[in-house]
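A.B. asks: coords below, sequence missing:
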């Protein structure tokens with residue numbers, strides 16, 4: 001329940017505080033004192049309309065903000081303030097709520113818990129007295145929460161209709177399946193025929209494979225017969241001569257292989273001797289160089305230690 005309403009710079013109100021009593025409150029007064037303005041200020045708080053400063057009083061000084069404060073007995077305090085193009089809500093002294101567009105922050109209706117049903121204006125018709133049955137029913141349903149049953153009832157009726165349609169469709173499909181099932185009575189007999197046909201098919205494939213093998217054997221027999229016929233035409237005496245010549249050639253080849261092995265051994269030995277000779281020559285050359293070096297250094301024969309003249313030493317080195 002609303003406990004108080006306070007307005008600053010709102011239409012006819014420079015600064016006005018209205019305190020309400022429990023249950024029903026009636027605002028009365030002569031024309032032009034701001035009765036409707038007070039009601040509109042409440043609407044402005046929970047609808048944020050109209051936007052901008054269209055509700056700002058004409059006598060407000062430049063820079064003075066328009067502000068409306070509503071206090072409930074819960075207790076909650078909601079403050080709407082418009083200053084220039086900036087509009088903000090404050091709920092229970094919390095942080096200002098901004099950037100919510102033309103809507104109202106969800107914290108505001110939760111704190112106020114009021115709507116059009118809670119306020120009746122001066123020229124409004126008597127509440128539900130002149131309303132039609134449908135309007136009265138809708139209002140009562142809204143107050144008691146029965147309107148929530150309408151979507152559930154509509155959904156239930158829709159599901160019932162769908163189920164009935166599905167049952168009819170299934171019955172039709174079941175009848176069609178029963179008719180189709182009658183055509184399958186011959187299935188056991190057809191199954192036996194299929195098994196017999198599969199057995200005959202296997203026997204046919206085995207017979208075809210046997211025929212293919214027999215055909216291949218016939219071809220092989222014909223080729224053997226042809227080879228036998230050609231073999232019967234061969235001159236066996238000439239073959240015996242050729243065989244004897246081949247045997248002699250084989251023996252001769254064996255002898256040549258033996259000689260080849262002997263020659264190969266001689267060649268390998270000659271290579272070895274050649275290698276040893278090469279090593280000996282290199283050694284002999286090195287010894288001559290060492291002997292010449294010793295002659296030049298000692299000035300006498302390294303073996304008999306006889307002193308030699310320089311000319312003799314140079315002659316011995318050249319002859320080495």
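C.D. replies: Done, it's in. Owing to the predicted nature of the structure, the values given are computational and were not obtained by experimental measurement.
A.B. asks: which elements pack onto the strand ranked longest in the chain?
C.D. replies: As assigned by DSSP state E, the longest strand anywhere in the chain is strand 2-10. Other helices and strands packing on strand 2-10, by 3 or more CB pairs under 8 Å, 6 or more residues apart in numbering; DSSP states H and E, are strand 13-19, helix 35-47, strand 66-72. Every residue, glycine included, has its C-beta placed from N, CA and C.
A.B. asks: and of these, who's closest to residue 148?
C.D. replies: With CB to CB, the closest approach to residue 148 among the helices and strands packed on strand 2-10 belongs to helix 35-47: 22.3 Å.
A.B. asks: what residues go with each domain of this protein?
C.D. replies: The chain breaks down into these structural domains: 2-124, 125-185, 236-314 (assignment by automatic domain parsing).
A.B. asks: ranking these by burial, who's on top?
C.D. replies: When you average the neighbours per residue for each of the domains of the chain (mean count of other CB atoms under 10 Å), domain 2-124 leads with a mean of 15.
A.B. asks: averaged pLDDT, it. What do you get?
C.D. replies: For domain 2-124, the mean per-residue pLDDT is 84.
A.B. asks: could you point out which element follows the helix or strand in which residue 156 is found?
C.D. replies: Remark: residue 156 resides in helix 149-182, with elements defined by DSSP states H and E. Once the chain leaves helix 149-182, the next helix or strand it forms, by DSSP H and E, is helix 187-232.
A.B. asks: ok, now how distant is the closest residue to residue 5 other than its chain neighbours from residue 119?
C.D. replies: Taking CB to CB, 6 or more residues apart in numbering, and ignoring the residues beside it in sequence, residue 5 has residue 18 as its nearest neighbour in space, at 4.6 Å. Distance of residue 18 to residue 119, computed by CB to CB, to the nearest Å: 13 Å.
A.B. asks: now residue 26
C.D. replies: Note on residue 26: its distance to residue 119, by CB to CB, is 12 Å.
A.B. asks: and the longest helix anywhere in the chain, average pLDDT?
C.D. replies: For the chain, the helix with the greatest residue count under DSSP state H is helix 236-298. Here helix 236-298 scores 79 as its mean pLDDT.
A.B. asks: same question for stretch 212-225.
C.D. replies: Here stretch 212-225 scores 88 as its mean pLDDT.
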